[in-house]
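Chemist: next comes the sequence, and after it the predicted model I'd like to discuss.
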Amino acid sequence: GQLDIIIAVPLTMEWVGQLSWVGTDELRQAPRTVWKVADSDPEIAGYVKKANNNRFFLATVRNAGHMVPYDQPRAMLDLL
């Protein structure tokens, strides 16, 4: 989650960016887009970057710490 102090989002982004796989460059250059569970929701659930023909998603869940399913169960269910 965005508020995770155990595995902070910037550290995760850096680590994923160093992986050697077919979508590395695409992921680095991908725009971070707003993600809502439903288009009609007033609240933003988080942000997503996509790569490799949408086969890889990197999501940041807003208002959640390390235990995303506990903090934001609806958003977590949508991710699955």
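Modeler: Sure, I can see it. Remember, predicted model here, so these are calculated numbers, not experimental data. Numbers count the residues shown, from 1 in each chain.
Chemist: C-alpha only now, for contacts and for neighbours.
Modeler: Noted.
Chemist: so who does residue 36 touch?
Modeler: Residues counted as contacts of residue 36 (Cα atoms under 8 Å, 6 or more residues apart in numbering) are 43, 44, 45, 46.
Chemist: now the buried members of those.
Modeler: When those are checked for burial by 16 or more other Cα atoms under 10 Å, the buried set is 44, 45, 46.
Chemist: pLDDT wise, what is the second one at?
Modeler: As predicted, residue 45 sits at a pLDDT of 98.
Chemist: put the alpha carbons of stretch 12-21 into PDB.
Modeler: Output of stretch 12-21 as PDB, limited to C-alpha atoms (Å, rounded to 0.1, in the frame of the first residue of the first chain):
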ATOM      1  CA  THR A  12       9.500  -1.500  -4.800                       C
ATOM      2  CA  MET A  13       9.400   0.600  -7.900                       C
ATOM      3  CA  GLU A  14      13.200   0.800  -7.900                       C
ATOM      4  CA  TRP A  15      13.500  -3.000  -7.400                       C
ATOM      5  CA  VAL A  16      11.100  -3.900 -10.100                       C
ATOM      6  CA  GLY A  17      12.800  -1.400 -12.500                       C
ATOM      7  CA  GLN A  18      16.100  -3.400 -12.000                       C
ATOM      8  CA  LEU A  19      14.600  -6.700 -12.900                       C
ATOM      9  CA  SER A  20      15.700  -8.200 -16.200                       C
ATOM     10  CA  TRP A  21      12.700  -9.200 -18.200                       C
END
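Chemist: now the phi/psi pair for the most centrally placed residue in the chain, please.
Modeler: By Cα atoms, centre = their mean, the chain has its centre lying nearest to residue 59, at 0.9 Å. Per-residue torsions, residue 59: phi -110, psi 140 (degrees, to the nearest 10).
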